[in-house]
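*Asks:* got a predicted structure here, sequence first:
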Amino acid sequence: MRVARISQLRDRTTVDEETGAVLSTQAAELDLPEEALRGLWSPMHLERLARTYWRFLTRVTLGLVRVRYTEGERFVVLLVRPLKLLTFSAPEYEIEPDRGVVRWRLQRGLLVAKRGHDGAGYLQIDVRRLPAREPGRARLKLEVEVANFHPRIASGLGRWMYAATQSRIHVLITHGFLRSLAKLKLARSRVGNLATPAPPAPASEAPLRSAPRRPRAAWRGRGGR
C-alpha cells in the first residue's frame with residue numbers, strides 16, 4: 001500500500017488596496033490510504049493538527065519562534081514572552097462529517113499594525129474531504145489561511161517590503177508544514193480539550209487499598225497547557 005503524498009501546492013496572497021488587509025492562503029492535497037484516514041478523522045486529531053502547526057513553526061525557526069499557552073490566548077513569541085509577535089484568542093473548532101476547521105482570532109502583536117488590533121483578522125486551518133480517485137485511497141484538501149491581517153511592516157516601510165520579506169517567509173514555512181503532513185505524524189495537543197476521555201477501568205482492575213486515605217485537596221493549575 002502506498003504511503004501518503006502531498007501534491008497541488010498552491011499560494012494565493014492579495015492585499016486590499018483600500019484597507020491594506022492581507023489575505024494569504026496556502027493549499028495542498030493529501031492523498032492517503034482510506035484506512036489511515038479513518039484513524040485520523042476525529043475532533044481529537046483536528047486539535048492535534050493545530051498543535052502540529054505550532055510545533056513545526058518552532059522547529060523550522062530553530063526555536064527562535066515559540067508558542068505560549070494560557071486558558072484564553074495563544075502567544076507567538078520571539079524567544080521570550082514579552083516579545084509577542086502575534087497574540088491570538090483560544091482556538092475555535094468547526095467539525096462536520098466531511099470538514100474540520102480550527103481558527104485562531106488575531107488580537108494584536110508586534111507584527112500587527114494598530115488598525116488590525118482586536119479586529120476581524122484570523123489564522124485558520126481548513127481540512128476537507130474530496131472524492132477519492134481510486135478504491136482504497138482517500139483525498140483531503142488542506143488550507144492554511146490568514147485573513148484580514150494588517151502587517152505593521154507594510155504600514156511603515158511599504159507593501160513591497162512586506163511582500164519581499166514577511167509574506168515570502170510565511171509562504172515558505174506554510175508550504176513546508178503542508179509537505180510535512182505526508183508523514184501522518186501529528187503532535188499531541190498541549191490542551192487536549194477534544195480528546196476522547198479514557199473509559200473507566202473495570203472494578204476488577206481498580207487498585208486495592210488497605211485502609212481509607214484522607215481526601216486530597218483538588219489540584220488547580222493554569223489552564224490551556
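*Replies:* Thanks, I have it. The structure presented is a predicted model; accordingly, all values stated were derived computationally and were not measured.
*Asks:* distance check, residue 93 against residue 64.
*Replies:* Going from residue 93 to residue 64 by C-beta to C-beta, to the nearest Å gives 29 Å. Yep, even glycine has a C-beta here, placed from its N, CA and C like the rest.
*Asks:* compare the two (neighbour count), which wins?
*Replies:* Ranked by neighbour count (other C-beta atoms under 10 Å), residue 93 and residue 64 place residue 93 first, with 14 against 11.
*Asks:* how close does the more buried one get to residue 104?
*Replies:* Separation of residue 93 from residue 104 (C-beta to C-beta): 11 Å.
*Asks:* then residue 181?
*Replies:* Distance from residue 181 to residue 104, by C-beta to C-beta: 18 Å.
*Asks:* hmm, which helix or strand of the chain has the shakiest average pLDDT?
*Replies:* When the helices and strands of the chain are compared on mean pLDDT, DSSP states H and E, helix 152-157 comes out lowest with a mean of 72.
*Asks:* beyond that one, next helix or strand please.
*Replies:* helix 159-164 (DSSP states H and E).
*Asks:* all helices for this structure, in order.
*Replies:* Taking DSSP state H, the helices of the chain run over residues 34-40, 43-60, 152-157, 159-164, 166-180.
*Asks:* in CSV: those helices, plus mean neighbour count and distance to residue 79.
*Replies:* Converted to CSV, those look like this (neighbours: other C-beta atoms under 10 Å; distance: least, C-beta to C-beta, whole Å):
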stretch, mean neighbour count, distance to residue 79
helix 34-40, 14, 33
helix 43-60, 19, 11
helix 152-157, 16, 19
helix 159-164, 15, 23
helix 166-180, 18, 17
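*Asks:* got a list of what the spatially most central residue of the chain touches?
*Replies:* In the chain, the residue lying closest to the centroid (C-alpha atoms, centre = their mean) is residue 50, at 2.9 Å. Contacts for residue 50 (C-beta atoms under 8 Å, 6 or more residues apart in numbering) come out as 91, 102, 125, 189.
*Asks:* now the buried members of the residues you listed.
*Replies:* For the contacts of residue 50, a burial check counting by 16 or more other C-beta atoms under 10 Å picks out 91, 102, 125, 189.
*Asks:* which members of the residues you listed are the farthest-apart pair?
*Replies:* 125 and 189 (13.5 Å; C-beta to C-beta).
*Asks:* name the nearest residue to residue 145, sequence neighbours excluded.
*Replies:* residue 25 (4.6 Å; C-beta to C-beta, 6 or more residues apart in numbering).
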